[in-house]
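Enquirer: Got a predicted model here, sequence first, then my questions.
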Amino acid sequence: MPFPDPPPPAANSTAAAAKAGADIRIHNNPEALSRAAAERVTALCREAGSARGSCHLALAGGSTPRRLYELLAGPPWSQQLPWPALQIYFGDERAVPPEHPDSNYGMARAAWLDRAPLAAGQIHPMLAEPARIAQDAADYAGLLERQLPHNEAGVPVLDLILLGLGPDGHTASLFPGTPVLEERARWVAPVHVEQHDSWRLTLTYPVLEAARQLLFLVAGADKAACIARVLGTPANGELLPVQRIAARGRVEWHLDAAAAGRLAP
Ligand SMILES: O=C(O)[C@H](O)[C@@H](O)[C@H](O)[C@H](O)COP(=O)(O)O
């Protein structure tokens, strides 16, 4: 059953700055970025729901997507999302309890999920404990195997993965210099983040690469140098983790003006 068409997108974002080959959309400020992202996430979820009866959506962690999630909890987007078709996953998670302030699941619940008309079975937290981190990774990979369609290489295919970007070029929890950058056999893997001496779980490159659509949300001047390196110049030298994603699906970059500040006009 097709979903009703949405109203035209909000007019408060600046003109798209498309760079050949990359779909880059630059917005005046974090609020405009979040509102544009809410439009896109809703539209993409509706597309998937109409086309395949379900939308398998993986959420990003960190601070940038919080406002997006708050917007999705209210009109107009909450009236347009294909709620019965939605299945919610996570791109990565810190190995802390859900009530911990660092929990990506906890952040998404507070900002959105606890106010969304979703059954418990539609939300799949990536729960992890340091003492059983390898088993937690295997358990989540098994969930993806059971829940998702697979591509011809046998990799689970998410419809949409939301991703952030760190100033060091990490995305999800694919951090520079970590063994997980070489992981191609497992769909979910543990990561020990030295600088925080903490454990995380992350989707690995095969799953990111298999997704039908990746949508990056990047805000803040502290990301400008990384954005300029990733989107502004041909890749040379050692690739940053985010540059190593050989995406098979569509990739959209949503930047605020500060993060895009060092991109050539
Ligand atoms: O769990 C996490 O922290 C995210 O997966 C991580 O990849 C995040 O997206 C970036 O570090 C950007 O974080 P900010 O949005 O807070 O800048």
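Expert: Received the coordinates, thanks.

Enquirer: Wondering if stretch 91-100 reaches the ligand at all.
Expert: Yes - using Cβ under 6 Å from any ligand atom, stretch 91-100 reaches the ligand at 91, 92. Quick note: C-beta positions are derived from backbone N, CA and C, even for glycine.

Enquirer: got the end-to-end distance for that stretch?
Expert: 18 Å (Cα to Cα, to the nearest Å).

Enquirer: thinking residue 159 is in contact with residue 56, fair?
Expert: Yes - in this structure, residue 159 is within contact of residue 56 by Cβ atoms under 8 Å, at 4.8 Å.

Enquirer: what's the overlap in contacts for those two?
Expert: Contact criterion Cβ atoms under 8 Å, 6 or more residues apart in numbering; residues shared by residue 159 and residue 56: residue 48.

Enquirer: what does this structure put close to the ligand?
Expert: 60-64, 91-92, 104, 164-166, 170-173.

Enquirer: Next step: the residues you listed restricted to helices.
Expert: residue 104 (DSSP state H).

Enquirer: So how do I select the buried members of the residues of the chain next to the ligand in ChimeraX?
Expert: Buried residues among those (16 or more other Cβ atoms under 10 Å), as a ChimeraX selection:
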select :60,61,62,64,91,92,104,164,165,166,170,171,172,173
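
Enquirer: Report the contact partners of residue 149.
Expert: 156, 157.

Enquirer: same thing but at 6 Å, please
Expert: residue 157 (Cβ atoms under 6 Å, 6 or more residues apart in numbering).

Enquirer: Tell me the predicted confidence for residue 10.
Expert: We have a pLDDT of 41 for residue 10.

Enquirer: thinking again about what came up before, select from the residues of the chain next to the ligand every entry located in strands.
Expert: Per DSSP state E, strands hold the following members of those: residue 92.

Enquirer: nearest to residue 233, of the residues of the chain next to the ligand?
Expert: residue 165 (15.9 Å; Cβ to Cβ).

Enquirer: Touching, that closest one and residue 174? I think so.
Expert: No - under the criterion of Cβ atoms under 6 Å, residue 165 makes no contact with residue 174, lying 10.6 Å away.

Enquirer: Now do the contacts for residue 263.
Expert: So residue 263 contacts 228, 232 (Cβ under 6 Å, 6+ apart).

Enquirer: hey, where'd the strands end up in the stretch 1-150 of the chain?
Expert: Residue ranges of the strands in the stretch 1-150 of the chain, as given by DSSP state E, counting those that start in this stretch, are 23-27, 55-59, 86-90, 92-94.

Enquirer: I'd like to know which of these is closest to residue 119.
Expert: strand 86-90 (9.9 Å).

Enquirer: Show me which positions of the closest one end up buried.
Expert: 86, 87, 88, 89, 90.

Enquirer: Mind pulling up the pLDDT for the residue of the stretch 151-265 of the chain found nearest the ligand?
Expert: Proximity of the stretch 151-265 of the chain to the ligand (Cβ to the nearest ligand atom) peaks at residue 164, 2.2 Å away. We have a pLDDT of 98 for residue 164.

Enquirer: what do you get for residue 7?
Expert: 46.

Enquirer: try residue 16
Expert: At residue 16, the model reports a pLDDT of 34.

Enquirer: got any ranges where this protein has weak pLDDT?
Expert: 1-21 (pLDDT under 70).

Enquirer: what do you get if the cut-off is 80, keeping everything else the same?
Expert: Within the chain, the ranges that satisfy pLDDT under 80 run 1-21, 233, 235-236, 265.

Enquirer: in it, which residue is closest to the centre?
Expert: The structure's the chain has its C-alpha centroid closest to residue 162; by Cα atoms, centre = their mean the separation is 1.7 Å.
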